[in-house]
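Engineer: Sequence first, predicted model second:
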Amino acid sequence: MGKGEFIALAAFLMAINSLAIDIMLPALQQIGASLNVESENHRQFVVSSYLLGFGFAQLIYGPLSDRFGRRLPLLAGIGIYICSSLGSALVPTFEGLLILRFIQGLGSAATRVITISIVRDIYGGRQMAEVMSLIMMVFMIVPVIAPGSGQIIMLFGSWHLIFLFIAVMAAIIAGWAYIRLPETLRPENVRPFTAKSVLGGFKLVLTNRIALCYTIASTFIFGSLFGFINSAQQIYVGIYGLGVYFPFAFAGVAVFMSVSSFLNSRLVGKFGMRRLSHGALLGFITINTIWLLALIFGPHPMPFFLFIGFFGLSMFQFGWIGSNFNSLAMEPLGHVAGTASSVLGFMSTVGGALIGAGIGQAFNGTALPMVAGYFTVSIIGLVFVLIAEKGKLFQPHNPAV
C-alpha cells in the first residue's frame, strides 16, 4: 500500500483504543444510573478497568508478534475486542461491565503494540518520528468526534448502543487490515517464543538507559492525560455545567493536540526529536505552573475561557512530547521492536492508568487535583529526561535523531 494509506490504516488501528475510551465519556452518568453506581467517582472505573487490561496485555503481544508475525496476533486481538464489546452491550451489572471492559482492553492492546512495531519495521530515526506524528494527527480525529458521536448515539437509545457501534467500527477496520496490510516482520528478526527469549528481550529494554528513562517520563506525562479523561465529565458538566455541549469542549482540546502532531511531523526532520520534545516539555512545565498558581490564587471556579485556554496550550505541548518520547524510547531497540513495544507500552499504560486513576479519584468538586497532577507529573518527567540525557537537553545524538 502507499504511504498515505499506511498512515491512515495505522492511525485507525490505534484509534480503536481511543474510541473505546472517549466515546464512553458522555455516557458515564447514564451508565452509573442504569447499573446503580452510587459514588460519582466510581464511574471512572469504566475507563480505568479498560486501561489496566490494555496495559497488561501489551506484555504478551510484542513477543507473540516477534515470533508469529504482525498480522495474526493483530487480528486476533481485534477479534477479542469485538466480542467483549458485544458482551458489554448486554451485561446486566456494573461489576460484569468492568470485567468485560478489562477484556476489551486485553484485545485492544494488540492494536497499540503491533501497530508501533509495524511502523518501526519500516521506518527509523526522524522518519519514524515523522510518520508517528502523521499517524497521531489522523488518530486525534477520534477524540475530536468520539464524545459527540457518543452523545448522538444516546439520542437514539441507551448507552448499550455505543458498544454495538464500536464493535461494528472495529470489524470494519479489521477487514481493511486483513485485506490490505502485508506482513512486515523480516525473517531475520523472528525471535523464538520461549521464556528465555522473552525475558532476554525484556532485559534489553530495561537495561537501556535511554529507552527506560524516556518510557518512565512518558508514563508520568500520559498519567496526566488519563487523569483528565477520568475527570473530564465531572469537570465540564459538574463544574462548568456544559451539559450536552461537553463533547465540543473535549473536541476543542483534541484539536490543539492534532495541530501539534501535524506541526511536529513537518518540523522533526529539520530540528530532531530531542530539540522539539525537550522544548515542549519545558513549555508544558511553564504552562502548568502558571495554570496551577492561577487556580490557587484566582477566583473559584476559574472562568471557563481561561481554563480551556490553559488546557489547550498545555495539550499543544503534550502533542510534541508524546510521539517524540515514544520514538526516542524505541529508536535503540529496532531489532526487538515487538518485545520493546510491549514492555514500553505496558509500563506507560499501566503506570499512566494508575497515576491517572489517582488523579481522578482525588476529584473534589474542583479542577485543582487535575491541574496539580499535571504540574507534578511534568516535573517528574523532566527529571527522567535529564537522567536519560545525562543532564544535557537539546543535544541530538546523531543526525538521524
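Structural biologist: That came through, no problem. Note that the coordinates shown come from a computational prediction; the quantities given were computed from them, not determined experimentally.

Engineer: can you pull out the strands in the protein?
Structural biologist: For the chain, no strands are identified by DSSP state E.

Engineer: Show me which helix runs longest in it.
Structural biologist: Ranked by residue count, the top helix of the chain under DSSP state H comes out as helix 94-122.

Engineer: Buried residues, it. List them.
Structural biologist: Neighbour counts using 16 or more other Cβ atoms under 10 Å place 94, 97-121 of helix 94-122 among the buried residues. Placement of C-beta: from N, CA and C, glycine included.

Engineer: Report the mean confidence score over that helix.
Structural biologist: Per-residue pLDDT over helix 94-122 has a mean of 91.

Engineer: Report all helices and strands that it contacts.
Structural biologist: Applying 3 or more Cβ pairs under 8 Å, 6 or more residues apart in numbering; DSSP states H and E, we find helix 94-122 packed against helix 3-22, helix 28-34, helix 45-68, helix 71-88, helix 125-139, helix 304-330, helix 337-361.

Engineer: Including distance to S277, mean pLDDT and mean neighbour count, could these go into a markdown table?
Structural biologist: Below are those laid out as a markdown table (distance: least, Cβ to Cβ, whole Å; pLDDT from 0 to 100; neighbours: other Cβ atoms under 10 Å):
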| stretch | distance to S277 | mean pLDDT | mean neighbour count |
| --- | --- | --- | --- |
| helix 3-22 | 19 | 89 | 22 |
| helix 28-34 | 32 | 89 | 17 |
| helix 45-68 | 22 | 88 | 24 |
| helix 71-88 | 28 | 96 | 21 |
| helix 125-139 | 9 | 74 | 23 |
| helix 304-330 | 4 | 88 | 22 |
| helix 337-361 | 15 | 83 | 25 |
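
Engineer: Specify the stretch among those that is closest to R180.
Structural biologist: Taking Cβ to Cβ, helix 3-22 is the member of the helices and strands packed on helix 94-122 nearest to R180, at 6.6 Å.

Engineer: Centre of the chain to that closest one, how far?
Structural biologist: A distance of 11 Å separates the centroid of the chain from that of helix 3-22, by Cα atoms, centre = their mean, to the nearest Å.

Engineer: what's around I379, how many residues?
Structural biologist: Using other Cβ atoms under 10 Å, I379 is surrounded by 13 other residues.

Engineer: What's the separation between the nearest residue to it once chain neighbours are set aside and G351?
Structural biologist: Closest residue to I379 apart from its sequence neighbours, by Cβ to Cβ, 6 or more residues apart in numbering: I285 at 6.5 Å. Distance of I285 to G351, computed by Cβ to Cβ, to the nearest Å: 20 Å.

Engineer: quick one on the thing from earlier: might you report the residue contacts of the residue nearest to I379?
Structural biologist: Neighbour list for I285: 375, 378-379, 382 [criterion: Cβ atoms under 8 Å, 6 or more residues apart in numbering].

Engineer: I162 now?
Structural biologist: By Cβ under 8 Å, 6+ apart, I162 lies in contact with 23-24, 27, 150, 153-154.

Engineer: Which of those sits closest to F222?
Structural biologist: Nearest to F222, judged by Cβ to Cβ, of the contacts of I162 is M24 at 18.1 Å.

Engineer: I'd like the distance between the closest one and I355.
Structural biologist: Applying Cβ to Cβ, the value for M24 to I355 is 20 Å.

Engineer: Do me a favour and average the pLDDT over stretch 240-248.
Structural biologist: Averaged over stretch 240-248, pLDDT sits at 85.

Engineer: Just the C-alphas of that stretch, formatted as CSV.
Structural biologist: What follows is stretch 240-248, C-alpha atoms only, in CSV (Å, rounded to 0.1, in the frame of the first residue of the first chain):
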residue,chain,number,x,y,z
TYR,A,240,-18.9,24.3,34.3
GLY,A,241,-22.4,23.0,33.5
LEU,A,242,-21.8,22.4,29.8
GLY,A,243,-24.3,19.5,29.6
VAL,A,244,-24.7,18.3,26.0
TYR,A,245,-22.0,20.8,24.9
PHE,A,246,-19.4,18.8,26.8
PRO,A,247,-18.2,16.9,23.6
PHE,A,248,-17.4,20.3,22.0
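
Engineer: now what about it, what contacts it?
Structural biologist: So stretch 240-248 is in contact with 25-26, 147-148, 150-151, 232-233, 236-237, 249, 301, 304, 307, going by Cβ under 8 Å, 6+ apart.

Engineer: which of those residues count as buried?
Structural biologist: Among the contacts of stretch 240-248, the ones that count as buried by 16+ other Cβ under 10 Å are 25-26, 147-148, 150-151, 232-233, 236-237, 249, 301, 307.

Engineer: Let's have those in CSV, adding distance to T289.
Structural biologist: Formatted as CSV, these follow (distance: Cβ to Cβ, whole Å):
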residue, distance to T289
L25, 27
P26, 31
P147, 29
G148, 32
G150, 33
Q151, 34
A232, 22
Q233, 26
Y236, 23
V237, 27
A249, 23
P301, 19
F307, 16
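
Engineer: Which ones among the residues you listed lie within helices?
Structural biologist: Going by DSSP H, the helices hold 147-148, 150-151, 232-233, 249, 307 from these.

Engineer: Can you give me the neighbour number for L292?
Structural biologist: By the measure other Cβ under 10 Å, the count of residues near L292 is 18.

Engineer: residue contacts, it?
Structural biologist: Neighbour list for L292: 371-372, 374-375 [criterion: Cβ under 8 Å, 6+ apart].

Engineer: try 10 Å this time
Structural biologist: Going by Cβ atoms under 10 Å, 6 or more residues apart in numbering, L292 touches 310, 368, 371-376.

Engineer: ok, of the residues you listed, which one's closest to M1?
Structural biologist: Y374 (38.5 Å).
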